[in-house]
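Student: pasting a predicted model and its sequence here:
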Amino acid sequence: MERILEIIGELRKAGPELLRVEAPVPQSYAAADPDHLRVELAPGAAARLVVLHTKAGVARLDVELGEGAQFDLTEIFLGETFAEIALKQEGRSCCRVTTVELSSANASYRIDLNGAGAENTLNGVFLATEKEHCVVRLHTAHNVPDCTSVSCVKGVADDEAVGEFSGLVYVAPDAQRTDARQQSRNVLLSERARIETMPQLEIYADDVKCSHGATVGQMDSEAILYMRQRGLSEAQARALQIEGFVGDIVRRCGVEPLGEVLMALAAEKLER
């Protein structure tokens with residue numbers, strides 16, 4: 001926690017209620033436990049934002065991207081926060097979201113692609129242990145033609161923890177040439193843990209490329225055996241496999257030093 005606070009303390013402070021960006025050269029901003037933050041990027045503007053949630057409560061984030069804007073959002077959940085995030089994108093804008101839940105939390109994302117050529121990528125991971133309950137909800141609306149969305153949410157549950165993922169891709173009538181991909185991948189570490197996943201497609205156009213998929217399973221026993229034959233204990237082999245599973249998501253956050261700190265927190269939680 002201290003290292004995360006140190007990193008975001010070095011970034012520009014966002015808010016407390018409005019962050020408006022007009023510069024085309026990206027700057028990094030941070031917000032800790034905002035109740036309601038509005039982010040507006042002017043046409044052609046660029047920015048990176050880290051939002052840290054450390055306490056129980058309700059939070060809301062509203063983001064509007066102008067024509068051709070570029071935005072990186074990283075959300076970190078270390079407390080039992082219920083967060084609603086609404087992103088609206090105009091034409092040729094690009095938004096990359098990384099969401100990491102390392103405690104009980106509930107994150108709900110509503111993404112509206114309102115201009116041709118808009119792109120959205122969302123990568124998320126939750127790690128639930130003991131009796132924690134992690135939830136990620138995603139609603140991506142392709143409201144106009146020629147937009148792209150890609151989402152991948154990974155979940156890990158141990159002990160008696162519960163994880164949930166609900167994802168809907170909506171393609172409006174005449175939103176032709178939509179390219180939408182959605183994936184949910186999950187690993188259970190105990191017989192009492194539970195993960196529920198529900199990816200959905202709602203399509204009203206005929207010239208589209210849309211796919212979705214979901215998996216819930218155990219760790220790769222052959223890979224664990226392979227690592228044990230090379231001198232690792234079973235606990236070490238399992239930890240390495242899980243770290244690899246979540247690492248490709250966590251390390252994609254827009255602020256590079258933060259990825260390694262989050263990986264260290266995830267590894268520490270797995271050891272406990």
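Tutor: Nice, thanks for sending it over.

Student: ok, which stretches of the protein are helices?
Tutor: With DSSP state H, the ranges of helices along the chain come out as 2-9, 221-228, 234-250, 256-271.

Student: nearest to Asp159, of those helices?
Tutor: Closest to Asp159 of these is helix 256-271 (Cβ to Cβ; 11.5 Å). Backbone N, C-alpha and C define where each C-beta goes, glycine included.

Student: CA atoms only: put stretch 162-179 into PDB for me.
Tutor: What follows is stretch 162-179 as a C-alpha-only set of coordinates in PDB (Å, rounded to 0.1, in the frame of the first residue of the first chain):
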ATOM      1  CA  VAL A 162     -16.800 -15.800  -4.800                       C
ATOM      2  CA  GLY A 163     -16.100 -14.000  -8.100                       C
ATOM      3  CA  GLU A 164     -18.500 -12.700 -10.700                       C
ATOM      4  CA  PHE A 165     -18.200 -11.500 -14.200                       C
ATOM      5  CA  SER A 166     -21.100 -10.200 -16.300                       C
ATOM      6  CA  GLY A 167     -20.300  -8.800 -19.800                       C
ATOM      7  CA  LEU A 168     -22.700  -7.600 -22.500                       C
ATOM      8  CA  VAL A 169     -21.800  -6.400 -25.900                       C
ATOM      9  CA  TYR A 170     -24.600  -4.400 -27.600                       C
ATOM     10  CA  VAL A 171     -24.500  -3.700 -31.300                       C
ATOM     11  CA  ALA A 172     -27.100  -1.100 -32.400                       C
ATOM     12  CA  PRO A 173     -29.100  -1.400 -35.700                       C
ATOM     13  CA  ASP A 174     -26.900  -0.200 -38.600                       C
ATOM     14  CA  ALA A 175     -23.800  -0.300 -36.400                       C
ATOM     15  CA  GLN A 176     -22.100  -2.200 -39.300                       C
ATOM     16  CA  ARG A 177     -18.500  -3.400 -39.400                       C
ATOM     17  CA  THR A 178     -18.400  -3.700 -35.600                       C
ATOM     18  CA  ASP A 179     -15.500  -5.700 -34.300                       C
END
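
Student: got a list of what Leu138 touches?
Tutor: Applying Cβ atoms under 8 Å, 6 or more residues apart in numbering, we find Leu138 in contact with Ser108, Tyr109, Ile111, Leu122, Ser151, Val153, Phe165, Ser166, Gly167, Leu168, Gln182.

Student: burial of Glu17, as a residue count?
Tutor: Neighbour count for Glu17, taken as other Cβ atoms under 10 Å: 10.

Student: how much space separates it from Gln70?
Tutor: From Glu17 across to Gln70, the span is 23 Å (Cβ to Cβ, to the nearest Å).

Student: correct me, but Val153 touches Pro199?
Tutor: No: applying Cβ atoms under 8 Å, one finds Val153 not in contact with Pro199, separated by 9.1 Å.

Student: for those two, indicate the residue with more neighbours.
Tutor: Neighbours per residue (other Cβ under 10 Å) separate Val153 from Pro199, with Val153 holding more: 28 against 19.

Student: excluding chain neighbours, what is closest to the more buried one?
Tutor: Leaving aside its sequence neighbours, Val153 sits nearest to Gly124 (Cβ to Cβ, 6 or more residues apart in numbering; 4.2 Å).

Student: how about the contacts made by that neighbour?
Tutor: Counting by Cβ under 8 Å, 6+ apart, Gly124 touches Val97, Thr98, Thr99, Val100, Glu101, Ala107, Val136, Ser151, Cys152, Val153, Lys154, Ile249.

Student: possible to save those as TSV with distance to Arg60 and pLDDT?
Tutor: Shown next, in TSV, are the contacts of Gly124 (distance: Cβ to Cβ, whole Å; pLDDT from 0 to 100):
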residue	distance to Arg60	pLDDT
Val97	15	97
Thr98	19	96
Thr99	15	96
Val100	19	96
Glu101	17	97
Ala107	12	98
Val136	16	98
Ser151	21	97
Cys152	24	97
Val153	21	97
Lys154	25	96
Ile249	24	89
